[in-house]
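Sequence first, predicted coordinates after that:
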Amino acid sequence: MKKADVIMAVASKTGVAKRDVEAVIETTLDLITGELQKGGEVTFTGFGSFQVSNRAAREGINPLTKEKIQIPAVVVPKFRAGKALKDAVRK
């Protein structure tokens, strides 16, 4: 399911105009992104939480040349599913 499919589903289920649903979803995603950029965490109780994770620098191997390369440290977004979501998926 893509973002456009989610917008259509929410609009048809709630009776709200598609452009209004799209604005709400875009704003929500922008707020989550902004909070993660500040190093914060966003939690939806029962669904899960978005947070940032620090990956340490490490040594890797180029699969083509087998040469050792240095992979730099990086900050990445991370999602941790909540109990209700895990239980719903497991059925």
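Looks like it came in fine. Residues are numbered from 1 along each chain as shown.

Name the nearest residue to K78, sequence neighbours excluded.
Among residues not flanking K78 along the chain, S53 sits closest, at 4.3 Å (Cβ to Cβ, 6 or more residues apart in numbering). Every C-beta, even on glycine, is put in place using the N, C-alpha and C of the backbone.

what kind of secondary structure is that neighbour in?
When the structure is split into helix, strand and coil by DSSP: H, G, I helix; E, B strand; the rest coil, S53 lands in strand.

how about it, what does it touch?
For S53, the set of contacting residues under the criterion of Cβ atoms under 8 Å, 6 or more residues apart in numbering consists of 75-78.

For it, give the beta-bridge partners.
Each beta-bridge partner of S53 is listed here, defined by DSSP bridges: V76.

The spatially most central residue of the chain: which element?
Per Cα atoms, centre = their mean, the C-alpha nearest to the average position across the chain is that of F79, at 5.7 Å. With elements taken from DSSP states H and E, the one containing F79 is strand 74-81.
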